[in-house]
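Asks: sequence below, structure please.
(one chain, ligands or ions: 1)
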Amino acid sequence: MDTENTQPLYRSGVVAIVGPPNAGKSTLLNRYLGQKIAIVTPRPQTTRNRILGIVTGPDYQIIMLDTPGLHKARELLNREMVRIAMESLGEADVVLFLADASAFAGNKKKLEKHRQEYTGYLDKVRTPAVLALNKIDLLRKEELLPVIDWYSSLHPFDAVVPISALQGVGTDTLLEELVSRLPEGPQYYPDDIPTDATERFIVAEIIREKIFLLTREEVPYSTAVLIDSFQEEKNRVTIHATILVERSSQKGIIIGRKGQMLVEIGRSARLEIEELLGCRVVLKLWVKVKKKWTRNEQILKELGL
Ligand SMILES: Nc1nc2c(ncn2[C@@H]2O[C@H](COP(=O)(O)OP(=O)(O)OP(=O)(O)O)[C@@H](O)[C@H]2O)c(=O)[nH]1
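Replies: Alright, predicted model coming up:
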């Protein structure tokens, strides 16, 4: 008997998630991974590096790239973020363009302002592209249709799927649409590896997320976290990390009155790191002023940018 035809087709490849800042790219990736790998905050441009998540199913493996939001970039750091996002386009088998359907719904004028910006990079896409319109939990049905129409006019998308990454609505359909456009290929990674990011990287990201959540305005954007040491002992991991800021006033904010802010950043980060690593964690944080680090190539390199 010919067994070859009875074997289900195994599909695998790279899906690059691109789109404007704050669309919910990291939330979607975490949902598919079933755990938090990419940090999520209510503020735009939190994701700086490219984060790779591996979603494995019975007959597919998607290597998902969560990229920094595409935006107009001025500083070297921001230019690097956009470059990373654009590079991902070139490596992708399928591009997933994710947009926030609730942003500017009912305001076509505001949407139009972004047309050139979006078509600028969508025109470079040579692979199948799927459009996902996120945050539909914030919209009424009648508000959604004009948004679908507007985004569909930007590019000949192969599929359009409204979703709520937060609530898990439409995300299974989206996954099916993505998988069906992947080429036939092998399983690249074992079943139980959700990411190629190191524990050190995720730990630094968790600390950065807490800074984003606890401080205001430009402070988190001027912050980077460097892991100085990561020492595993019997039932405990001791981590020393430095928080870089650009100005001494920012250092004051991160430390806070009587050190309260730094204690809170450390406490909330430690709890989450303990969950990630599954053991007790001692977290020691330092704050250091490094003027203009966002323009310093060496530091950006150290941060993997
Ligand atoms: N209501 C609602 N909020 C969502 C949904 N998906 C994401 N969010 C929220 O939107 C905000 C941004 O989500 P992220 O996942 O950090 O967005 P991102 O696209 O990775 O952001 P960047 O770091 O700027 O690239 C967070 O506050 C999320 O909780 C959704 O489906 N519904």
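
Asks: what about Glu177, how many neighbours?
Replies: The number of residues packed near Glu177 is 20, by other Cβ atoms under 10 Å. The way it works is simple: take the backbone N, C-alpha and C, and place the C-beta from them, glycine included.

Asks: list the helices and strands the helix or strand where it lies packs on?
Replies: For Glu177, the enclosing helix or strand under DSSP states H and E is helix 171-180. For helix 171-180, the packing partners by 3 or more Cβ pairs under 8 Å, 6 or more residues apart in numbering; DSSP states H and E come out as strand 11-18, helix 25-33, strand 51-57, strand 60-66, strand 94-100, strand 129-134, strand 159-162.

Asks: which among those is found nearest to the ligand?
Replies: The minimum distance between the ligand and the helices and strands packed on helix 171-180 falls on helix 25-33, with 3.4 Å, by Cβ to the nearest ligand atom.

Asks: that older thread, please save the CA atoms from the helix holding Glu177 in PDB.
Replies: C-alpha atoms of helix 171-180 as PDB (Å, rounded to 0.1, in the frame of the first residue of the first chain):
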ATOM      1  CA  THR A 171      -7.300  33.600  17.400                       C
ATOM      2  CA  ASP A 172      -7.800  29.900  16.500                       C
ATOM      3  CA  THR A 173      -9.200  30.900  13.100                       C
ATOM      4  CA  LEU A 174      -6.200  33.200  12.600                       C
ATOM      5  CA  LEU A 175      -3.800  30.400  13.500                       C
ATOM      6  CA  GLU A 176      -5.500  28.200  10.900                       C
ATOM      7  CA  GLU A 177      -5.200  30.900   8.200                       C
ATOM      8  CA  LEU A 178      -1.500  31.300   9.000                       C
ATOM      9  CA  VAL A 179      -0.700  27.600   9.100                       C
ATOM     10  CA  SER A 180      -2.500  26.900   5.800                       C
END
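
Asks: can you list the buried residues in it?
Replies: Thr171, Leu174, Leu175, Glu177, Leu178, Val179 (16 or more other Cβ atoms under 10 Å).

Asks: what is the nearest of those to the ligand?
Replies: For the buried residues of helix 171-180, the nearest to the ligand is Thr171 (9.1 Å; Cβ to the nearest ligand atom).

Asks: name the residue of the stretch 151-300 of the chain that lies nearest to the ligand.
Replies: Closest contact between the stretch 151-300 of the chain and the ligand, by Cβ to the nearest ligand atom, is at Leu166 (3.4 Å).

Asks: quick one: that residue and Ile136 touch, right?
Replies: No - in this structure Leu166 lies outside contact range of Ile136 using Cβ atoms under 8 Å: 9.9 Å.

Asks: number of nearby residues for Arg257?
Replies: Considering only other Cβ under 10 Å, Arg257 is surrounded by 7 other residues.

Asks: can you check the pLDDT for it?
Replies: With respect to pLDDT, Arg257 scores 94.

Asks: can you list the buried residues in the lengthiest helix in the chain?
Replies: Ranked by residue count and defined by DSSP state H, the top helix of the chain is helix 260-277. Under the neighbour-count criterion of 16+ other Cβ under 10 Å, helix 260-277 has Met261, Leu262, Ile265, Gly266, Ser268, Ala269, Arg270, Glu272, Ile273, Leu277 buried.

Asks: endpoints of stretch 18-26, how far apart?
Replies: Stretch 18-26 has an end-to-end distance of 10 Å (Cα to Cα, to the nearest Å).

Asks: re the thing from before, mind putting the helices and strands packed on helix 171-180 into JSON lines with distance to Ile255 and mean neighbour count?
Replies: As requested, the helices and strands packed on helix 171-180 are arranged in JSON lines below (distance: least, Cβ to Cβ, whole Å; neighbours: other Cβ atoms under 10 Å):
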{"stretch": "strand 11-18", "distance to Ile255": "35", "mean neighbour count": "23"}
{"stretch": "helix 25-33", "distance to Ile255": "28", "mean neighbour count": "23"}
{"stretch": "strand 51-57", "distance to Ile255": "29", "mean neighbour count": "20"}
{"stretch": "strand 60-66", "distance to Ile255": "31", "mean neighbour count": "23"}
{"stretch": "strand 94-100", "distance to Ile255": "34", "mean neighbour count": "24"}
{"stretch": "strand 129-134", "distance to Ile255": "36", "mean neighbour count": "25"}
{"stretch": "strand 159-162", "distance to Ile255": "44", "mean neighbour count": "19"}
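
Asks: got the ones you listed as JSON lines, with distance to Arg247 columns?
Replies: Shown next, in JSON lines, are the helices and strands packed on helix 171-180 (distance: least, Cβ to Cβ, whole Å):
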{"stretch": "strand 11-18", "distance to Arg247": "32"}
{"stretch": "helix 25-33", "distance to Arg247": "28"}
{"stretch": "strand 51-57", "distance to Arg247": "28"}
{"stretch": "strand 60-66", "distance to Arg247": "30"}
{"stretch": "strand 94-100", "distance to Arg247": "31"}
{"stretch": "strand 129-134", "distance to Arg247": "35"}
{"stretch": "strand 159-162", "distance to Arg247": "43"}
